[in-house]
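>>> take this sequence and fold it.
(chains A and B)
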Amino acid sequence: MKNKRISDSWEKIAPTEMVQARMLENILARHAASENQKEKVPAMKRTAPWKLWIPAAACLALALAITVPLLTANDGGGDFDLARSDDALKVSYVNKVPGGRPAAVLTSLTEFALFNQYDTDIFSGTIKEVRNIRASYNGADDYRAIAQIEVGTVYRGNLAAGEVVSTLLPGPVSADTGTEDTDVTSRFAAGTTGIFMPLKYDETSFAEQNGVKLCLLDLAAYGFMDGERFAFLETEDELVFNRAAYPALDGARSLEDVAQYVQAMARHYVSIDVTRLDFASDDYLIFHDAAGLFVYDLNRRQMIRALDLEPIYCNNPDLCDVSVSPDGGTVILRPRFDLELWRLEEDPSLPVGDTMFVYTVADDTVSRADYTEMENPFDRLVWTADVLGGYDKVGYHSFKSVSFDDGTFGWLLTDDMTMGTLKYERGDESYILFQ
Amino acid sequence: MAKTLLRTNKEITEIYERHVKTVYRVCFPYMKSAADTEDAVQNTFLNLMRSAPAFENEEHEKAWLIRTAANLCKDSLRNRWRKHEDLADYQHLQSRENLDVDETLGAVMALPDKYKSVVYLHYYEGYTCVEIAKILGKPQSTVRVHLFEARNILRERLGGDFDEK
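This next block holds a predicted model:
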């Protein structure tokens, strides 16, 4: 929807009447000039047909002599063995790719989802080779690339250091194509180091065009979900990755910065979604994830409240701001529709304006109101990585811990990434939350 | 009904007058100077004359011009290896070229190029993600991602309330 501030600024940018007239004059003049140029090509003199035949034959022979070697040079290698794909498909290595603007598809993913929505392996490594390919789907051509990456450190997945894995890129690697939304993968080059998050293919991984199916496993063992957000590259000049997708890495300047972050995020591949600790006192704690908002009584060692967040549009922890009063008695939940523009456009049932839901713990009630910021919210949450001394010390902990006056810290922890083993720890005390 | 493909100068002039400001506003954040923007605008309409597409209606016509203008600008920039500049660099434009580039537009111009058309179409023209996807020929999900990321950057540069109603 229109934004007044941006509209007003942009409105000031306009060509004057004089500039408009000048541009139009130039356009018409340049077009007329190019049309005139076409008409000036002289017509060929008519020649007896048999005299034309001889030069044509000579031309054809010359053309064949030049073209055949060029074709061979352009298609620089053999076809792939496409045992699992349709017969009508052909895939070849190519040295040149055509210009154009095919666009890769980006899916709306939060920073957390980038690590957990797909079953990606995560590892550091060095690119050994990149080659472009052309897949011909019964006449429709698709250009991509395959990169061979030597694995270094494995953060997630069943890989070994030194192993070389083949990865399919969402577009070709070429300075000329301008494939949009492949800002990172288009920078793949032999010798470049990086951290990579490709999806492991299996027999059910397919691409289809023109009614023809390609089993991606026929081309590579892995593939990148898009060309922007699943790789971090360290080139000679800079660290290349999509900074807008990873706000937590805003200050990252080296691959080492990324490695620490990735190491922590890779471990939070939890089927219960990342659980956020919102509040803790000596008596109870409040936490939430996609399953709901929970209040646990530490004295009675039992859950006393469980609020379903879906009806109040807060079942995505990345898209709901939570604030708790200092005594833990009130929770404000603010669904961030503004971060999901498509929902506002496509779902007319959503509340209009900036809404909040106020949950009162004592009487277990929820009320809706226009959003206002909570004054003096609970502010004892600290980064668990800071408490433990680095991201590499963080296991399956909650990102945030609560700092207590006695010097102890309380955090959530799971042993095996399931809700059944989710516990709260503070000092020597441990509470299994879902029994 | 589709327009005839071969257009007279008069028809081209009519299309030009309908959309020249739009095309100019699409090109300016990419090209960042009046002279380069004028070149890009002219090339867009020349492209129209050469490729002579048929349009179903004026909205279709506008969408074609916006997409063509954005693509031409990106191609031009790729060829020139331009780099992103500091917001402060835009201040000189005001005095030299009589263009009022304020802090807000400066922040938009400092965005990565891939976001600019989407930001223009959403925040200036008021199109939805679905409509923007059709105009630019991109998947809807990609448009949403670009808007989301651009929005985060703009919030950081302009303050969290820049898009509050």
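>>> show the contacting residues for whatever residue of chain A ends up closest to chain B.
Of all residues in chain A, A:Ala244 sits closest to chain B, at 3.5 Å by Cβ to the nearest Cβ. Quick note: C-beta positions are derived from backbone N, CA and C, even for glycine. If you count contacts by Cβ atoms under 8 Å, 6 or more residues apart in numbering or on different chains, A:Ala244 has them with B:112, B:149-150, B:152-153.
>>> now with 10 Å, please.
If you count contacts by Cβ atoms under 10 Å, 6 or more residues apart in numbering or on different chains, A:Ala244 has them with A:228-229, A:250, B:111-112, B:115, B:145-146, B:148-153, B:156.
>>> narrow these to those in helices?
In helices, judged by DSSP state H, the following of the contacts of A:Ala244 are found: B:115, B:145-146, B:148-153, B:156.
>>> now the buried members of these.
Buried by 16 or more other Cβ atoms under 10 Å in any protein chain shown: B:115, B:145-146, B:148-151, B:153, out of these.
>>> what's opposite A:Ala145 in the beta bridge?
Counting by DSSP bridges, A:Ala145 forms beta bridges with A:Asn132, A:Leu169.
>>> is it true that it touches A:Pro170?
Yes. Counting by Cβ atoms under 10 Å, A:Pro170 is a contact partner of A:Ala145 at 8.8 Å.
>>> sorry, back to before: and the residue of chain A closest to chain B, how far from B:Pro53?
According to Cβ to Cβ, to the nearest Å, A:Ala244 stands 33 Å off from B:Pro53.
>>> and the residue nearest the centre of chain A?
Nearest to the mean C-alpha position of chain A, by Cα atoms, centre = their mean, lies A:Arg229 at 3.7 Å.
>>> and residue 125, how many neighbours does it have?
I went with chain A, as the question did not name one. Around A:Gly125 there are 25 other residues, counting by other Cβ atoms under 10 Å in any protein chain shown.
>>> wait, chain B was what I had in mind.
As a burial measure, B:Glu125 scores 18 neighbours (other Cβ under 10 Å).
>>> how about it, nearest residue that isn't a chain neighbour?
What sits nearest to B:Glu125 in space, not counting adjacent residues and going by Cβ to Cβ, 6 or more residues apart in numbering or on different chains, is A:Lys2, at 7.5 Å.
>>> same deal with A:Asp79?
On the basis of Cβ to Cβ, 6+ apart, the spatially nearest residue to A:Asp79 that is not a chain neighbour turns out to be A:Ser92, at 5.4 Å.
>>> secondary structure element holding that neighbour?
strand A:89-94 (DSSP states H and E).
>>> what's that strand packed up against?
With contacts defined as 3 or more Cβ pairs under 10 Å, 6 or more residues apart in numbering or on different chains; DSSP states H and E, the packing partners of strand A:89-94 are helix A:49-74, strand A:122-137, strand A:140-156, strand A:206-209, strand A:212-215.
>>> 7 Å instead, please
Packed against strand A:89-94 by the contact rule (3 or more Cβ pairs under 7 Å, 6 or more residues apart in numbering or on different chains; DSSP states H and E) you find strand A:122-137.
>>> between the strand it packs on and strand A:89-94, how many degrees?
Between strand A:122-137 and strand A:89-94, the angle comes out at 120 degrees (axes from the mean of the first three to the mean of the last three Cα atoms, to 10 degrees).
>>> mean confidence (pLDDT) on strand A:122-137, please.
Average pLDDT, strand A:122-137: 94.
>>> what's the answer for stretch A:402-416, then?
If you average the pLDDT over stretch A:402-416, you get 90.
>>> stretch A:207-219 too?
Averaged across stretch A:207-219, pLDDT comes to 89.
>>> please save the CA atoms from it in PDB.
Extracted in PDB, the C-alpha atoms of stretch A:207-219 (Å, rounded to 0.1, in the frame of the first residue of the first chain):
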ATOM      1  CA  ALA A 207      12.100 -30.300 -11.500                       C
ATOM      2  CA  GLU A 208       9.500 -30.200 -14.300                       C
ATOM      3  CA  GLN A 209       9.000 -28.200 -17.500                       C
ATOM      4  CA  ASN A 210       7.000 -28.800 -20.600                       C
ATOM      5  CA  GLY A 211       5.600 -31.900 -19.000                       C
ATOM      6  CA  VAL A 212       9.100 -33.400 -18.700                       C
ATOM      7  CA  LYS A 213      10.500 -34.400 -15.300                       C
ATOM      8  CA  LEU A 214      14.100 -34.200 -14.200                       C
ATOM      9  CA  CYS A 215      15.200 -36.100 -11.100                       C
ATOM     10  CA  LEU A 216      17.600 -33.600  -9.600                       C
ATOM     11  CA  LEU A 217      19.600 -36.500  -8.100                       C
ATOM     12  CA  ASP A 218      20.700 -37.300 -11.600                       C
ATOM     13  CA  LEU A 219      22.600 -34.000 -11.700                       C
END
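>>> which parts of that stretch are buried?
Here stretch A:207-219 shows A:207, A:209, A:212-219 as buried, counting by 16+ other Cβ under 10 Å.
>>> and for stretch A:236-256?
Neighbour counts over stretch A:236-256 (16+ other Cβ under 10 Å) mark A:239-246, A:249, A:252, A:255 as buried.
>>> determine which two of those residues are furthest apart.
A:Ala244 and A:Leu255 (18.9 Å; Cβ to Cβ).
>>> just after the least confident helix or strand in chain B by mean pLDDT, pick out the following helix or strand.
Across the helices and strands of chain B, mean confidence by mean pLDDT, DSSP states H and E is lowest for helix B:91-97: a mean of 47. Downstream of helix B:91-97, the first helix or strand assigned by DSSP H and E is helix B:103-109.
>>> the chain: helices as residue ranges?
Assuming you mean chain A. Applying DSSP H to chain A gives helices spanning A:4-11, A:17-39, A:49-74, A:111-116, A:255-267, A:341-346, A:384-388.
>>> um, chain B though
Under DSSP H, chain B gives helices at B:9-31, B:34-51, B:58-80, B:91-97, B:103-109, B:113-119, B:129-136, B:140-158.
>>> so can I have CSV of those showing distance to chain A?
Formatted as CSV, those follow (distance: least, Cβ to the nearest Cβ, whole Å):
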stretch, distance to chain A
helix B:9-31, 5
helix B:34-51, 5
helix B:58-80, 6
helix B:91-97, 10
helix B:103-109, 4
helix B:113-119, 6
helix B:129-136, 5
helix B:140-158, 3
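>>> what's the closest non-adjacent residue to the residue nearest to the spatial centre of chain B?
By Cα atoms, centre = their mean, chain B has its centre lying nearest to B:Val26, at 2.1 Å. Using Cβ to Cβ, 6+ apart and skipping residues adjacent in sequence, the residue nearest B:Val26 is B:Ala69, 4.6 Å away.
>>> list the contacts of the closest residue to A:Thr107 other than its chain neighbours.
Nearest residue to A:Thr107, sequence neighbours excluded (Cβ to Cβ, 6+ apart): B:Ser141, at 4.9 Å. When contacts are counted by Cβ atoms under 7 Å, 6 or more residues apart in numbering or on different chains, B:Ser141 touches A:105-108.
>>> ranking by neighbours, what's the top pick from the residues you listed?
Top of the contacts of B:Ser141 by neighbour count (other Cβ under 10 Å): A:Leu106, with 27 neighbours.
>>> and it, how far is that from A:Ala280?
Distance from A:Leu106 to A:Ala280, by Cβ to Cβ: 37 Å.
>>> for A:Asp119, same thing?
For A:Asp119, the distance to A:Ala280 equals 33 Å [Cβ to Cβ].
>>> show me chain A divided up by domain.
Structural domains of chain A, as assigned by automatic domain parsing, span the residue ranges A:91-267, A:276-432.
>>> including distance to B:Arg78, could these go into CSV?
Formatted as CSV, the domains of chain A follow (distance: least, Cβ to Cβ, whole Å):
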stretch, distance to B:Arg78
domain A:91-267, 6
domain A:276-432, 28
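>>> deepest of these, which one?
Greatest average neighbour count among the domains of chain A goes to domain A:91-267 (a mean of 18), per mean count of other Cβ atoms under 10 Å in any protein chain shown.
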